[in-house]
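> My questions concern the predicted model and sequence given below.
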Amino acid sequence: MSKDISIEYAHIYTNREIDEEHHTSLSILNDLKHGLGEQESSLVVMVDDYSFPDPTFDYNAFVEWLDSQGHKPDLMIRESQLIPVCDEVLSKMPDNKLKRRIISYVQEKKYPCSLFIAAWYLVRLGYLSSSIFPSDLSAQKLINILPESFKPFEDEGLKIIRSTEFAEAADKIDYRFFEGRLIA
């Protein structure tokens, strides 16, 4: 049984601390939850341990803080856990310029944010499965509460989704962007 909506909020990098951005995300989440009515939702948090890894990040302290704010997530994952799903997304893409560009980027540098985004959203919508994501948390629609500075990466992630056999999934993704810091 899937949820009506999966809400991502309080995205954090392991090299960062809780700041105003996270408080803003929770404020938007509060407003959003009041407007959901009878819709059943799940709350999910992604911790980016891949882009700027910091092994000293305290995952438990972050969950405790979210809980103390009244928004304990149903699931918190680390971005690096999605690498196998990223590979699956690549396998679902047609052999075209976009796919070749992403594969080249992965080989030369690392997995791009946009590919993680596509993988994360396809798992949350139930199009792809992963042992890190319980199937009962999959949803019919996604809402992502993110800083406005993430938008270009989100757009690229949606472009990847639209290039797969799951193109319709992109229409099930919505955002609540807010003014936030620029990505380093």
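Structure's in. What do you need?
> okay, CA-based contacts and neighbour counts for the rest of this
Noted.
> any chance you could map the helices in this structure?
20-34, 59-68, 83-92, 97-108, 113-124, 151-163 (DSSP state H).
> now, of those helices, which is deepest in the fold?
helix 113-124 (a mean of 24; mean count of other CA atoms under 10 Å).
> hang on, the earlier thing: save the helices of the chain as JSON lines, and put in mean pLDDT and distance to D136 too.
Converted to JSON lines, those look like this (pLDDT from 0 to 100; distance: least, CA to CA, whole Å):
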{"stretch": "helix 20-34", "mean pLDDT": "95", "distance to D136": "19"}
{"stretch": "helix 59-68", "mean pLDDT": "98", "distance to D136": "21"}
{"stretch": "helix 83-92", "mean pLDDT": "97", "distance to D136": "18"}
{"stretch": "helix 97-108", "mean pLDDT": "96", "distance to D136": "31"}
{"stretch": "helix 113-124", "mean pLDDT": "98", "distance to D136": "10"}
{"stretch": "helix 151-163", "mean pLDDT": "97", "distance to D136": "22"}
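> could those helices go into JSON lines alongside distance to S131?
Formatted as JSON lines, the helices of the chain follow (distance: least, CA to CA, whole Å):
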{"stretch": "helix 20-34", "distance to S131": "27"}
{"stretch": "helix 59-68", "distance to S131": "19"}
{"stretch": "helix 83-92", "distance to S131": "10"}
{"stretch": "helix 97-108", "distance to S131": "23"}
{"stretch": "helix 113-124", "distance to S131": "10"}
{"stretch": "helix 151-163", "distance to S131": "21"}
